[in-house]
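Peer 1: Fold the following.
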Amino acid sequence: MKSRVAALVTFAVFTASAQAGDWTDNWYVLGSVSHSSTALSKSGLNAKLAGAGAAGVTSADSGTANLQWRLQLGYKLTDWLAVEGGYIDLGKAKYTASYAGGGAVGKWQAGGPDIAALGIYPVTDSLSFFGKLGVIDAKAKTKFAATGAAAPISGKTSQTHVEPIYGLGAMYKLTDNAGVRLEYERVNNVGDSLKTGKADVDIVSLGLSYQF
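Peer 2: Have a look, this model is predicted:
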């Protein structure tokens with residue numbers, strides 16, 4: 001699946017660049033740090049424990065406040081449209097549960113390659129706003145440790161799904177080639193409810209871009 005997403009990025013960018021004149025001037029790179037807020041659904045993991053024999057399950061979840069990172073390669077088709085792709089770290093979350101005779105802890109994290117189109121609205125020569133719509137090949141991984149009746153389900157699991165990613169933001173040019181970018185994005189249903197736990201992720205990012 002990752003190879004298919006990468007192929008889509010390559011095809012989209014090179015198809016566009018083949019139609020442009022001085023196409024080398026339109027490439028850009030973006031490096032960002034981001035903070036994610038992860039809402040991990042407990043119902044599937046609770047059901048997983050109950051299915052393994054745990055009785056009276058009570059649980060809680062918490063998204064971690066660590067900084068994540070991303071790296072994107074983009075191509076500006078026009079002043080109003082760009083396409084970009086790369087890798088996004090979606091962050092981490094923690095699940096804890098207790099039940100008769102035992103307890104469990106699940107450590108969840110996710111990330112993956114993405115491709116997206118940006119619709120850009122220039123306000124001034126320096127300031128632009130944009131909306132973003134694309135897909136991410138998100139891989140969720142969970143390390144699960146349980147005691148008591150549910151001990152046999154301890155271990156590592158992972159699940160990869162292609163999910164929509166959408167957002168909005170602003171860009172400000174510092175020079176003809178360099179700029180800063182602030183954006184908000186949302187990804188829903190990352191992971192599998194029973195295998196890894198499923199989460200909705202909100203991401204706020206601040207990055208530096210450089211156009212060649």
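Peer 1: Contacts only, for Ser128.
Peer 2: Shown in contact with Ser128 (Cβ atoms under 8 Å, 6 or more residues apart in numbering): Ile120, Tyr121, Pro122, Ala170, Met171, Tyr172. In this view, the C-beta of every residue, glycine as well, is placed from N, C-alpha and C.
Peer 1: so the fourth one makes contact with Leu182?
Peer 2: Yes: the criterion here is Cβ atoms under 8 Å, and Ala170 meets it with Leu182 at 5.4 Å.
Peer 1: How about the spatially most central residue of the chain: what's its closest non-neighbour residue?
Peer 2: Averaging the C-alpha coordinates of the chain gives a centre point, and the residue nearest to it by Cα atoms, centre = their mean is Leu90 (4.0 Å). Setting aside the residues directly before and after it, Leu90 is nearest to Ala110 in space (Cβ to Cβ, 6 or more residues apart in numbering), at 4.2 Å.
Peer 1: Tell me which helix or strand that neighbour sits in.
Peer 2: Here Ala110 is covered by strand 102-122, with elements defined by DSSP states H and E.
Peer 1: With Asp125 instead?
Peer 2: Under the criterion DSSP H and E, no helix or strand holds Asp125.
Peer 1: Same question for Asn46.
Peer 2: Assessed by DSSP H and E, Asn46 sits inside helix 43-51.
Peer 1: Give the buried residues for that helix.
Peer 2: Neighbour-count burial for helix 43-51 flags Gly44, Leu45, Asn46, Lys48, Leu49 (criterion: 16 or more other Cβ atoms under 10 Å).
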